[in-house]
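need a 3D model of the sequence below.
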Amino acid sequence: MPTITVLPHEELCPQGAAFEGRAGAVLCDLLHENGIDIEHACEKACVCTTCHVIVRQGFASLRAASEDEEDQLGKAWGLEPQSRLSCQVKIGGENLVVELPRYTLNLASERET
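Predicted structure coming up:
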């Protein structure tokens, strides 16, 4: 099973994390299953950017982003060439290193600031 390593994030994962991921599993689901409360305001329908992540290692092992995902990514804060929406990433056979952006664009957030 591939290992998913999440780099430290001040709010969501201060110490960072590493866990095994099942091939074919959706990254957003794995993050939640492992206690990383990444937002997904559209309920994983690929119509927002709240689950935006940057894949620092293992990006080439992922299936290419769909046109819908590419359209949404254009609206993401801090977009980089290795950016993906975690609700659209299915885990392959290689290890991943993932960074959670410092900010997210969520106009309907219910989180306290």
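
strands of the protein, start to end?
3-6, 17-20, 52-57, 83-85, 96-99 (DSSP state E).

ranges for the helices of this protein?
27-33, 67-73 (DSSP state H).

got TSV for these, with mean pLDDT too?
Formatted as TSV, these follow (pLDDT from 0 to 100):
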stretch	mean pLDDT
helix 27-33	97
helix 67-73	95
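
so which of these is the most surrounded?
helix 27-33 (a mean of 19; mean count of other Cβ atoms under 10 Å). For glycine as for every other residue, the C-beta is placed from the backbone atoms N, C-alpha and C.

and that helix, what does it pack against?
If you count contacts as 3 or more Cβ pairs under 8 Å, 6 or more residues apart in numbering; DSSP states H and E, helix 27-33 packs onto strand 3-6.

next one: the strand it packs on to chain centre, how far?
11 Å (Cα atoms, centre = their mean, to the nearest Å).

pLDDT (mean, whole number) over it?
For strand 3-6, mean pLDDT is 98.
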